[in-house]
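Asker: what's the 3D shape of this:
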Amino acid sequence: MKLIIRNARILTLSGGAMLRRGKAMNDLGVVEQGDVLVGDGKIEAVGAKIEAPEGCETVDANGRVLMPGFVDCHTHACWAGRPVDDWAMRIAGKSEKEIALAGGGPAGMMQAVRDQTKKQLAAGLRQRLDLMLREGTTTVEVKSGYGVTLDAELRILHAIVRAGQEWPGTVTPTALLGLTYEGDHEEFAKKTVRELLPPIAREFPAITVDAVCDSDAWSVEDCVRLLEKARKHHPIRVHANRLSSLGMVAEAIRMGVQSIDHLDASPKADLEQLAKSWVCGVILPSSSFHTNQRFAKAGFLVELGGAVALGTDCNPLSSPTHSMPLAIALAVRFCGLSPAEAIVAATVNAATVLGLKDRGTIEPGQRADLILLRHRDERQLAWEFGGNPVDLVVCGGAKVGGA
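Answerer: Now for the predicted structure:
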């Protein structure tokens, strides 16, 4: 059955290159009052007044905002354990060492992941995906990384794929192979490149490979070793400058990464270099909000002509949230983005980071992932925080939530 949504304020985000940069990030391609016709999972027509086919289901937007579904381009949403216990100890004043001795912390969570079956991991992820969908997220990237061993990493990646097959939206897996160390740092990194990357590449030939470069994670040298090997056959991404700038931004740009994520501790020189490149910066303000209150200077990056995307960083340790509306509100308050820039970052730019050209805009031929807000002014999406701003979710052309 076809679906038509009438009398909407439509944010088409159409026109120009898929990856929006600089001033272009403020152009939402607004149709003040119009209709969108959906059929066979795709957008068939967008216009001021569309004639509805016979038998077409009609939704009257009554002036509310209709926009592309959110694309959450950075999450670690496949996990296990009870991280709330760690958090409770932390706010009670316990040290990280005390938490680790009690069986918590990163090592405890990784063990919990290793102890779960593929079916159990997929079930936990599916619950989180359903929460995301209710708040308008129709495409989600999910990283591995908490397994560390080959067996556990493969199990996590298969669980991510399995959960995605059972979910109405789209899930894209990422192999986060450079996250932590076990034993000698240099030898562990070499072992990862030698023993983890090849079998994962064989089983997931097109998968993106990721690494975390920071003072509490992998070194620049180890990240470069992994990503240089991976980029011969895979898209690559990297986390950098969350806690400190170690020189990864320049190396990442040289290697042609899809994105550099976090950027909270980026000096001006790093942001200027990033703005001059074709690499997209992905900001994750929910993580900053939950941890150290140090936020990426995304507004400055846009002023320089750079491109920005936005994700929740949904994970149990530093960003326990599934909400893209919250990420938008935080990005505007603390990262210097305008409401329009944050919407672009959460839709078309995030889709481009994931290599998905069939979503993030409302144009004929695009996948029909749409959300109808309860707001008539899209700025309210950033102004309001807390609660769910989404009245209706259309995913792959089907109504999956709301009225």
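
Asker: what's the spacing between the spatially closest residue to H74 that is not a sequence neighbour and P285?
Answerer: Distance criterion Cβ to Cβ, 6 or more residues apart in numbering; nearest residue to H74, sequence neighbours excluded, is G311 at 3.2 Å. Heads up, the C-betas are built off the backbone N, CA and C, glycines and all. Distance, G311 to P285, using Cβ to Cβ, to the nearest Å: 10 Å.

Asker: could you do L354 as well?
Answerer: From L354 across to P285, the span is 19 Å (Cβ to Cβ).

Asker: for P339, same thing?
Answerer: For P339, the distance to P285 - Cβ to Cβ - is 14 Å.

Asker: and K399, what is it in contact with?
Answerer: Contacts for K399 were tallied using Cβ atoms under 8 Å, 6 or more residues apart in numbering; they are 3, 392-393.

Asker: now, these that are in helices?
Answerer: Using DSSP state H, the subset of these located in helices is empty.

Asker: wait, L354 sits on T75?
Answerer: No. L354 is not in contact with T75 according to Cβ atoms under 8 Å; the separation is 11.4 Å.

Asker: what do the two both touch?
Answerer: Common contacts of L354 and T75 (Cβ under 8 Å, 6+ apart): E141.

Asker: count the neighbours of C78 for me.
Answerer: Number of residues near C78 (other Cβ atoms under 10 Å) recorded here: 30.

Asker: now Q33
Answerer: 14.

Asker: wait, what's in contact with the residue lying closest to it once chain neighbours are set aside?
Answerer: Sequence neighbours aside, N7 is the residue nearest to Q33 in space, at 6.1 Å (criterion: Cβ to Cβ, 6+ apart). N7 makes contacts with 33-35, 60-63, as judged by Cβ under 8 Å, 6+ apart.

Asker: surely Q33 meets G63?
Answerer: Yes. At 7.2 Å, Q33 and G63 qualify as touching, with contact defined as Cβ under 8 Å.

Asker: who touches both of those two?
Answerer: By Cβ under 8 Å, 6+ apart, Q33 and G63 have these common neighbours: 7-9.

Asker: more neighbours, P339 and P285?
Answerer: Each of P339 and P285 has its neighbours counted (other Cβ under 10 Å); P285 has more, 28 against 20.

Asker: contacts only, for A382.
Answerer: Taking Cβ under 8 Å, 6+ apart, one finds 328-329, 331-333, 339, 342 in contact with A382.

Asker: nearest spatial neighbour of G63, skipping sequence neighbours?
Answerer: G63 sits nearest to R376 (Cβ to Cβ, 6+ apart), 4.9 Å away.

Asker: try V249
Answerer: D270 (4.4 Å).

Asker: report how many residues lie close to that neighbour.
Answerer: Based on other Cβ under 10 Å, the number of other residues close to D270 is 23.

Asker: renumber starting at 37 from here on
Answerer: Shifting the count to begin at 37 puts that one at D306.

Asker: on contacts alone, who are the packing partners of whichever helix or strand it is part of?
Answerer: Element membership for D306 (DSSP states H and E) is helix 304-312. Judged by 3 or more Cβ pairs under 8 Å, 6 or more residues apart in numbering; DSSP states H and E, helix 304-312 is in contact with helix 284-291, helix 334-339.

Asker: could I get those as CSV with mean pLDDT and mean neighbour count?
Answerer: What follows is the helices and strands packed on helix 304-312, written out as CSV (pLDDT from 0 to 100; neighbours: other Cβ atoms under 10 Å):
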stretch, mean pLDDT, mean neighbour count
helix 284-291, 98, 20
helix 334-339, 98, 22
